[in-house]
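*Asks:* build me a model from this:
(one chain, ligands or ions: 1)
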Amino acid sequence: MTSPALAVTALSKSFGAKRAVEDATFSVARGEITGFLGPNGAGKTTVMNMIVGLTAPDAGAIELFGVPQGSRQRDLRVLFGYLQEKPRIYPEMTARAYLRFFADLYGIADAGSRVKEVIERVGLTAAADRRLGNFSRGMQQRACLARVMLHRPELLILDEPTLGLDPNGVADMRAIFREMKAEGVTLLFSSHQLAEMERVCDSVVFMRQGRVLATGRPGELLPSGLSASSLQVELYETAAQCIQGIAALPGVARAHQIGPHRLELVLRGLPDDGRDARAHAVRLLSSAGYTVLSVDAATPSLEDIFIGLTRPESLVRQEPAGLVH
Ligand SMILES: Nc1ncnc2c1ncn2[C@@H]1O[C@H](COP(=O)(O)OP(=O)(O)OP(=O)(O)O)[C@@H](O)[C@H]1O
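*Replies:* Residues are numbered from 1 along each chain as shown. This is a model prediction of the structure:
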């Protein structure tokens, strides 16, 4: 079996009394885009710094393409590129000069043509001879991304690459990720842009308070308490009037208001079959005297999952403002 691009096992790190990362285990499949998610201070940057060798773990193991970190067999640094959160640029340099400077520093043989290639890859050809200081935040971020891909790494590790970008900048970044994936590059990136993660990620890893809470494919991850028997129900009656009565019905595990006439309902003891669950909900609510206008299987978004995992006491849909930078 082919080894994953990255395997992190039981990784821990403390800074003094602060346990920044505790027993973190996850892997990143080759050729996939993996999103690394968690609230501020979850430990994502610390994990990334340990993966790339900037921070020494207290315990645990890291393998890159099947090779243990610290092994002398191969210089692992050539395998990955790392874009740190808030990377530094040299504002007085043009994008081309900046990239040429690093290409020479890294000893890249075909520096001139490789610089041209990466400039094209991140869509900066027209601006290549402008000074970085005059670039927008999104363009600066693209120049930094170009820098970390100069040496043709097989794995890109990107810490908050979309932080501070406007929606166009985020969409550009997403397109670049997809193109890189199509070329066979593996990506691991942290982000708070949940909707963006959902659209671009093959897999996600959730962290909170130093621990990995969940890993998996976005469509398959379910927050605790949500299951395939979670439904969104639209009623003729107002949700506020009937929420308590519905929550008290036998067979209803939870009921939350999610709109003036909409409820999220979790039924008890049903098989994971959406059709059965919907039919059951209609019968249950109708026989209790409610008028059901529609019932949909609730497909949790990454945002729902994030809230479910990071605030287990609350599965009520909330505005993302408190979670997004
Ligand atoms: N060098 C350090 N010294 C002391 N504490 C640190 C150090 N680096 C990180 N921490 C602490 O470890 C915890 C994890 O921080 P980390 O930066 O890894 O989280 P994060 O998930 O990347 O957060 P953010 O999304 O805000 O960047 C935080 O409580 C942080 O304050």
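*Asks:* going forward, measure contacts between C-alpha atoms and count neighbours the same way
*Replies:* Fine.
*Asks:* what's the single longest helix in this protein?
*Replies:* As assigned by DSSP state H, the longest helix anywhere in the chain is helix 167-182.
*Asks:* how far does that one sit from the chain's center?
*Replies:* With Cα atoms, centre = their mean, to the nearest Å as the basis, helix 167-182 stands 14 Å off its chain's centre.
*Asks:* repeat for stretch 39-58
*Replies:* 16 Å.
*Asks:* again with stretch 165-173
*Replies:* 15 Å.
*Asks:* what's the average pLDDT for stretch 77-84?
*Replies:* Across stretch 77-84, the average pLDDT comes to 85.
*Asks:* quickly note the distance from the residue nearest the centre of the chain to the ligand.
*Replies:* Centroid-nearest residue in the chain, with Cα atoms, centre = their mean: Gly35, separated by 2.8 Å. Relative to the ligand, Gly35 is positioned 13 Å away (Cα to the nearest ligand atom, to the nearest Å).
*Asks:* stretch 179-195 vs the ligand: in contact?
*Replies:* No. Applying Cα under 6 Å from any ligand atom, one finds stretch 179-195 separated from the ligand by no less than 7.7 Å.
*Asks:* all helices for the protein, in order.
*Replies:* Counting by DSSP H, the helices of the chain are 44-51, 95-105, 111-121, 137-148, 167-182, 194-200, 239-247, 274-287, 302-310.
*Asks:* would you format the ones you listed as a markdown table with mean pLDDT, distance to Phe15 and mean neighbour count included?
*Replies:* Formatted as a markdown table, those follow (pLDDT from 0 to 100; distance: least, Cα to Cα, whole Å; neighbours: other Cα atoms under 10 Å):
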| stretch | mean pLDDT | distance to Phe15 | mean neighbour count |
| --- | --- | --- | --- |
| helix 44-51 | 95 | 10 | 22 |
| helix 95-105 | 95 | 32 | 20 |
| helix 111-121 | 94 | 37 | 18 |
| helix 137-148 | 91 | 28 | 23 |
| helix 167-182 | 89 | 33 | 17 |
| helix 194-200 | 74 | 29 | 17 |
| helix 239-247 | 92 | 45 | 16 |
| helix 274-287 | 85 | 47 | 16 |
| helix 302-310 | 66 | 23 | 21 |
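*Asks:* dump those helices into TSV; add distance to Ala5 as well.
*Replies:* As requested, the helices of the chain are arranged in TSV below (distance: least, Cα to Cα, whole Å):
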stretch	distance to Ala5
helix 44-51	12
helix 95-105	24
helix 111-121	22
helix 137-148	17
helix 167-182	13
helix 194-200	18
helix 239-247	46
helix 274-287	36
helix 302-310	24
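*Asks:* quick one: closest of these to Thr9.
*Replies:* For those, the distance to Thr9 is smallest for helix 44-51, at 11.0 Å, taking Cα to Cα.
*Asks:* what's that closest one packed up against?
*Replies:* Applying 3 or more Cα pairs under 8 Å, 6 or more residues apart in numbering; DSSP states H and E, we find helix 44-51 packed against strand 18-28.
*Asks:* would you mind listing the buried residues in the strand it packs on?
*Replies:* Buried residues in strand 18-28, counted by 16 or more other Cα atoms under 10 Å: Ala20, Val21, Glu22, Ala24, Thr25, Phe26, Ser27, Val28.
*Asks:* ok, and which of the residues you listed reach the ligand?
*Replies:* Counting by Cα under 6 Å from any ligand atom, the members of these near the ligand are Ala20.
*Asks:* from the buried residues of strand 18-28, which is closest to the ligand?
*Replies:* Ala20 (3.9 Å; Cα to the nearest ligand atom).
*Asks:* now for the closest one: which residues touch it?
*Replies:* Ser12, Lys13, Ser14, Gly41, Ala42, Gly43, Thr46, Gln209, Gly210 (Cα atoms under 8 Å, 6 or more residues apart in numbering).
*Asks:* hmm, 7 Å instead?
*Replies:* With contacts defined as Cα atoms under 7 Å, 6 or more residues apart in numbering, Ala20 is in contact with Lys13, Ser14, Gly43, Gly210.
*Asks:* again, but for Val28
*Replies:* Shown in contact with Val28 (Cα under 7 Å, 6+ apart): Pro4, Ala5, Leu6, Ala7, Thr34.
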